[in-house]
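S.K.: sequence first, predicted coordinates after that:
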Amino acid sequence: MELQVEIKGGAMLVRLAGEIDLAVADTLRTSLEEELDRNPGVRNIVINLGGVRYIDSSGLGVLLGRYRRISGDGGRMFIVGASPQVRRIVEMSGLLNIMQEFPSEADALNHAG
């Protein structure tokens, strides 16, 4: 797994690559939580899944947990760039019912403020 995080105003842009599965879920969860703790002004999260080849239920659980954290404070979460295979998994999990999907980071960041 590769992880890049940028803070853009009130949004945290997260670029993921590789496989997001049980082997990396705890590391990903910890990294995202630390970033959120360091940046209390972040209200929204944009997750770029463009480089993700595979995501399993533990990876989806990490995303859902961060959604719950920010939505509790009125924030939103956005998904960008998922391949058809990864998008199908995210959609079947129901996450696209609670997270908006955008075609590009720029579009998502415009909505994220």
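M.R.: Arrived safely, thanks for sending. Numbers count the residues shown, from 1 in each chain.

S.K.: which strand runs longest in this protein?
M.R.: Identified as the longest strand of the chain according to DSSP state E is strand 44-55.

S.K.: now do the strands in this structure.
M.R.: Along the chain, the stretches classed as strands by DSSP E are 2-8, 11-20, 44-55, 77-80, 100-102.

S.K.: for those, which one sits closest to Ser31?
M.R.: Taking CB to CB as the measure, the strands of the chain were each checked against Ser31, and strand 2-8 came out nearest at 5.8 Å. For the C-beta atoms, the positions are set from N, CA and C on the backbone; glycine is no exception.

S.K.: need the residue closest to the centroid of the protein.
M.R.: Ile47 (3.2 Å; CA atoms, centre = their mean).

S.K.: rewinding a little: may I have the strands that pair with the longest strand of the chain, each with its orientation?
M.R.: Strands adjacent to strand 44-55 in the sheet, as given by DSSP bridges, are strand 11-20 (parallel), strand 77-80 (parallel).

S.K.: would you mark the buried spots in that strand?
M.R.: 44-49, 52, 55 (16 or more other CB atoms under 10 Å).

S.K.: with stretch 2-21 instead?
M.R.: Residues 3, 5, 11-16, 20 are the ones in stretch 2-21 that count as buried (16+ other CB under 10 Å).

S.K.: show me how far that stretch is from its chain's centre.
M.R.: 7 Å (CA atoms, centre = their mean, to the nearest Å).

S.K.: and the average pLDDT for it is what?
M.R.: Across stretch 2-21, pLDDT averages out at 97.

S.K.: with stretch 35-45 instead?
M.R.: Here stretch 35-45 scores 96 as its mean pLDDT.

S.K.: just the residues contacting stretch 80-88, thanks.
M.R.: Residues outside stretch 80-88 that contact it (CB atoms under 8 Å, 6 or more residues apart in numbering): 46-50, 52-55, 90, 101-105, 107-108.
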